[in-house]
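Q: kindly return the folded structure for what I paste below:
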Amino acid sequence: MRLRELILLSVIIAIFFSLFLGSRPLSVPDEGRYVEIPREMAVTGDWVTPRLNGVKYFEKPPLFYWFEAVLIKLFGLSEWSVRIGPALFALFGCLAVYYAGARMFGASAGLFSALVLATSILYYATSRLITLDMPVSVLLTISMLFFLLGTREPAGPGRRFFFWTFYTFAALAVLTKGLIGIVFPGMIIFVWMLLMNEWRVLRSMHLVSGMLVFLAIALPWHILVQQANPEFFRFYFIHEHFERYLTKVHGRFKPFWFFIPILLGGLLPWTAFLPQAIRHNLPHAWKDRAKHSEVLFLLLWAGLVFLFFSRSDSKLIPYILPVFPPLALIIGKYLSEVWDGRHTYGVRCGAITLVAFYCLFSIALLVAPHFRPEIDMHELRPHLYALVAIQLVSVAALWMLYRKAGSKYAIGSLLVCTMLFLTVCNTLMPYLDTRSAKELAHTMRPLLRPGSEVIAYHTYYQDLPVYLERTIAVTGWTGELDFGSQQENVSGWMIGEAECWKRWDGPNKVFLVTSKTNYDTLLKNSGRTFTIVDDSLRDIVLTNERTH
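A: Numbers count the residues shown, from 1 in each chain. Here you go, the predicted model:
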């Protein structure tokens with residue numbers, strides 16, 4: 001592992017992840033939610049009790065909120081500044097994979113592993129989304145990899161450093177997304193020790209001092225938030241962990257096989273090489289498993305996390321992101337061997353698979369817009385043509401370069417084309433995500449006066465408080481704010497129907513934001529006069545004053 005190689009890799013991936021980072025509005029609901037909570041922390045100075053639109057919000061711990069709040073204080077509030085967070089975490093994840101891969105399998109394996117991870121579709125997409133999935137995945141990755149590296153170290157300060165780092169990042173993962181920060185490492189390590197008969201590791205992993213490190217990091221916030229909010233424990237641990245996993249309480253039920261296509265599609269284009277990589281890295285006989293202990297650990301890591309989330313009754317696409325780093329290491333190790341001229345038959349099979357996929361996908365790109373008639377095709381068409389062109393270049397590179405110039409050029413061209421493809425895909429997103437309230441908020445902001453009020457009627461817009469930089473009133477909707485709104489008096493802005501119309505008929509200027517469907521109902525039934533301020537594809541802004 002060379003410092004120059006590490007710096008060059010860092011620069012390439014950092015540029016790749018940072019391009020067009022602020023080019024699109026916040027996606028809803030997730031990005032709006034996970035920006036509004038840290039925005040309120042930065043404004044109020046309350047770093048213990050997370051709040052969403054002024055309402056207590058205990059669904060997740062605060063580490064990522066703290067990180068985002070610091071970014072807001074340093075760089076101001078913008079799409080670019082708040083997306084730095086997940087992009088930085090994604091970069092650190094790639095560098096951790098490079099570092100571990102280089103130490104375990106050689107420098108080229110580490111390099112390929114990092115690039116495979118960076119250019120996997122789901123990993124890249126999540127690096128640009130303000131959610132908790134990228135931070136917790138990276139923190140778990142660093143924790144697990146440093147445990148694995150610690151088992152290879154002789155007794156002494158080096159081993160202590162690796163294991164204490166393992167405990168530190170497991171605790172940080174707990175502070176990011178709860179108990180999976182300790183459940184996943186514990187589950188994976190236990191099964192690995194059981195299969196490998198490696199119980200001796202227990203004596204070398206500094207359990208006592210390590211648990212003290214873990215508790216010193218993970219415990220203080222949990223104590224402080226419980227002291228400030230007696231209702232915290234039951235909601236956070238019982239409802240948000242056990243009931244979320246074991247029941248359909250969150251309404252996110254998907255079939256057991258839901259994550260199979262997500263994994264296969266999210267790992268593209270490297271899915272084509274995953275079977276070969278696993279086959280070539282597995283021991284030929286069970287008695288030889290000790291020689292492949294690192295690879296078996298990585299496979300257990302990926303497999304157990306995948307099964308854990310597949311068993312859950314609550315499923316969302318980014319949940320399986322922690323599966324990608326161990327698979328990237330396995331694929332990266334395999335590709336480094338291909339680079340050296342081995343396993344070329346497997347690469348040929350993968351190349352043929354990708355050629356077929358790219359041809360089908362290019363056809364799909366040209367056909368798909370016909371199923372979204374609301375999209376302006378005049379603006380979208382150049383981006384689609386660029387994507388198809390990149391796909392065709394990828395096909396030509398995979399087919400011609402492999403046959404004429406060898407697998408090195410084929411792999412290199414695939415990396416470059418994939419990075420170009422993902423970058424162009426990113427420029428497409430502003431045209432495809434049409435749910436943002438950003439333009440409505442920008443219309444309202446100059447019209448707001450002291451005493452003016454904004455009311456979301458029978459709905460809630462997660463990004464509206466962010467773009468208005470203020471709490472908004474909500475009527476006829478509680479959703480995920482239901483629990484928090486019952487814990488303290490929030491009647492000033494979580495209001496009922498009667499209070500909504502009392503304010504509407506009052507002396508102050510009121511803006512009512514709602515769906516066009518709700519507006520049609522109001523026109524028929526309310527008997528009131530509405531002045532339209534602005535509208536979007538789905539939503540409309542109304543006011544109780546005439547505008548001139």
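Q: the nearest residue to S485 once chain neighbours are set aside pairs with what?
A: Excluding the flanking residues, the one nearest S485 by Cβ to Cβ, 6 or more residues apart in numbering is M494, at 4.8 Å. Yep, even glycine has a C-beta here, placed from its N, CA and C like the rest. Residues in a beta bridge with M494, per DSSP bridges, are V474.
Q: show me what contacts M494?
A: Going by Cβ atoms under 8 Å, 6 or more residues apart in numbering, M494 touches V55, A473, V474, T478, L481, S485.
Q: please, which helix or strand holds the closest residue to the first one other than its chain neighbours?
A: It stands for V55. Closest residue to V55 apart from its sequence neighbours, by Cβ to Cβ, 6+ apart: G484 at 4.0 Å. Using DSSP states H and E, G484 sits in helix 482-485.
Q: contact partners for W221?
A: Per Cβ under 8 Å, 6+ apart, neighbours of W221: V48, P61, P62, L175.
Q: tell me which of the contacts of M494 is nearest to P29?
A: Of all those, P29 sits closest to L481, with 11.9 Å by Cβ to Cβ.
Q: could you point out which element follows the helix or strand of the chain with the lowest mean pLDDT?
A: Using mean pLDDT, DSSP states H and E, helix 244-246 stands out as the lowest-scoring helix or strand of the chain, at a mean of 61. For helix 244-246, the succeeding helix or strand toward the C-terminus, using DSSP H and E, is helix 259-266.
Q: which strands or helices does that following helix pack on?
A: Contact analysis of helix 259-266 by 3 or more Cβ pairs under 8 Å, 6 or more residues apart in numbering; DSSP states H and E lists helix 121-126, helix 293-311 as its packing neighbours.
Q: okay, angle between the last one and helix 259-266 too, please.
A: What that stands for is helix 293-311. For helix 293-311 against helix 259-266, the angle by axes from the mean of the first three to the mean of the last three Cα atoms, to 10 degrees is 120 degrees.
Q: look up how far L175 lies from the closest residue to F17 other than its chain neighbours.
A: Taking Cβ to Cβ, 6+ apart, and ignoring the residues beside it in sequence, F17 has A87 as its nearest neighbour in space, at 4.5 Å. Counting by Cβ to Cβ, to the nearest Å, the gap from A87 to L175 is 20 Å.
Q: do the same with S413
A: The spacing between S413 and L175, counted by Cβ to Cβ, is 42 Å.
Q: who's more crowded, the two?
A: Ranked by neighbour count (other Cβ atoms under 10 Å), S413 and L175 place L175 first, with 24 against 19.
Q: check which helices and strands the host helix or strand of that one sits against.
A: Per DSSP H and E: L175 is located in helix 157-177. When contacts are defined as 3+ Cβ pairs under 8 Å, 6+ apart, helix 157-177 sits against helix 63-75, helix 133-150, helix 180-196, helix 207-228.
Q: and those helices as CSV, adding distance to S362 and mean pLDDT?
A: As requested, the helices and strands packed on helix 157-177 are arranged in CSV below (distance: least, Cβ to Cβ, whole Å; pLDDT from 0 to 100):
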stretch, distance to S362, mean pLDDT
helix 63-75, 37, 96
helix 133-150, 29, 96
helix 180-196, 38, 92
helix 207-228, 48, 94
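Q: of all those helices, which one is nearest V466?
A: Of the helices and strands packed on helix 157-177, nearest to V466 by Cβ to Cβ is helix 63-75, at 10.1 Å.
Q: and among the helices and strands packed on helix 157-177, the most buried is which?
A: Across these, the average number of neighbours (mean count of other Cβ atoms under 10 Å) peaks for helix 133-150, which reaches a mean of 26.
Q: now that one against helix 63-75, angle please.
A: Using the same axes, to 10 degrees: helix 133-150 against helix 63-75 is 110 degrees.
Q: just checking, what packs against helix 133-150?
A: Other elements packing on helix 133-150 under the criterion 3+ Cβ pairs under 8 Å, 6+ apart are helix 63-75, helix 79-105, helix 121-126, helix 157-177, helix 180-196, helix 293-311, helix 324-339.
Q: where does this protein dip in pLDDT?
A: Residue ranges of the chain with pLDDT under 70: 1, 241-253, 285-286, 288, 290, 342-345, 368-379, 400-406, 546-548.
Q: count the residues that sit near the closest residue in space to M211 that isn't next to it in sequence.
A: Nearest non-adjacent residue to M211, counting by Cβ to Cβ, 6+ apart: Y167, 7.0 Å away. For Y167, the count of nearby residues is 27 (other Cβ under 10 Å).
Q: same question, A90
A: The local packing of A90 (other Cβ under 10 Å) involves 26 other residues.
Q: Y409 too?
A: 15.
Q: could you measure from it over to L316?
A: Y409 is 38 Å from L316, where distance means Cβ to Cβ.
Q: what angle separates the strand or helix carrying I12 from helix 79-105?
A: Using DSSP H and E, I12 sits in helix 3-18. With the same axes, to 10 degrees as the basis, helix 3-18 and helix 79-105 are set at 140 degrees to each other.
Q: flag every buried residue along helix 3-18.
A: The neighbour-count check on helix 3-18 (16 or more other Cβ atoms under 10 Å) flags L6, L9, S10, I13, A14, F16, F17, S18 as buried.
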